[in-house]
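[1] generate a structure from the sequence data that follows.
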Amino acid sequence: MKVPFTPDQQAVLSANPYTLSVNDYQIRFTVAFKKYLLAEREAHGTPWKEIFRKAGYDPDALGQKRIERIISRTRREAASERGLHETVSRKKFADKDFEKQQMKTAIRDLQEEVIRLNQMVEFLKKTQQLKARDD
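    Alright, predicted model coming up:
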C-alpha cells in the first residue's frame, strides 16, 4: 500500500536541489542525484539509507519500499540504452512553467518531448503503411 507524503514532507522534499518533482505519492530525482546515488555506493560501499541521508533526504520519510524501488529504477535506467535521465510527466508537460526552470533543464525537457513525439509519428506512419499494404 502506498503511503502518501504529507504536505510538510512534500515541502521539505521539494526544497532539496536533488528533487525534480514531488506529489502525494511520487518523487522524481535529478540526474545529478541518480549519479550520486550510484557513484557513492560503488566508490565507497555506503549503505543506501546513508546515501539518501547524505543527500539531504530522510530515509524514514521515504520508506524502505520506496527506497528499494528508487534504487531498482535508477540501476535499470543507468543500464538502459538511454542512460540516466530526468523523467517528465507527459500529463503535466504542457502545464510546466519553463520560465521558472533553469534554461538547461527546460531545453532538455523540450528535446525529450520532441524525441517522444517523433517516435510517435514514426510509429503512426508504420501502422498506416501496414494498413495500406493489407488493403
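[2] what count of nearby residues applies to the residue nearest to Arg41 when sequence neighbours are not counted?
    Nearest residue to Arg41, sequence neighbours excluded (C-beta to C-beta, 6 or more residues apart in numbering): Ile51, at 6.3 Å. C-beta: built from backbone N, CA, C; applies to glycine. Using other C-beta atoms under 10 Å, Ile51 has 21 other residues around it.
[3] Provide the secondary structure category for Ile51.
    helix (DSSP: H, G, I helix; E, B strand; the rest coil).
[4] middle-most residue in the chain, spatially?
    Residue closest to the average C-alpha location in the chain (C-alpha atoms, centre = their mean): Thr87, at 3.8 Å.
[5] how close does that one get to Val22?
    Plainly put, Thr87 is 13 Å away from Val22 if you go by C-beta to C-beta, to the nearest Å.
[6] what's the overlap in contacts for these two?
    Residues touching both Thr87 and Val22 (C-beta atoms under 8 Å, 6 or more residues apart in numbering): Arg28.
[7] pretty sure the residue nearest to Arg41 sits against Ala39.
    No. Using C-beta atoms under 8 Å, Ile51 is not in contact with Ala39; the gap is 9.5 Å.
[8] tell me the contacts of the residue nearest to Arg41?
    Neighbouring residues of Ile51 by C-beta under 8 Å, 6+ apart: 36-37, 40-41.
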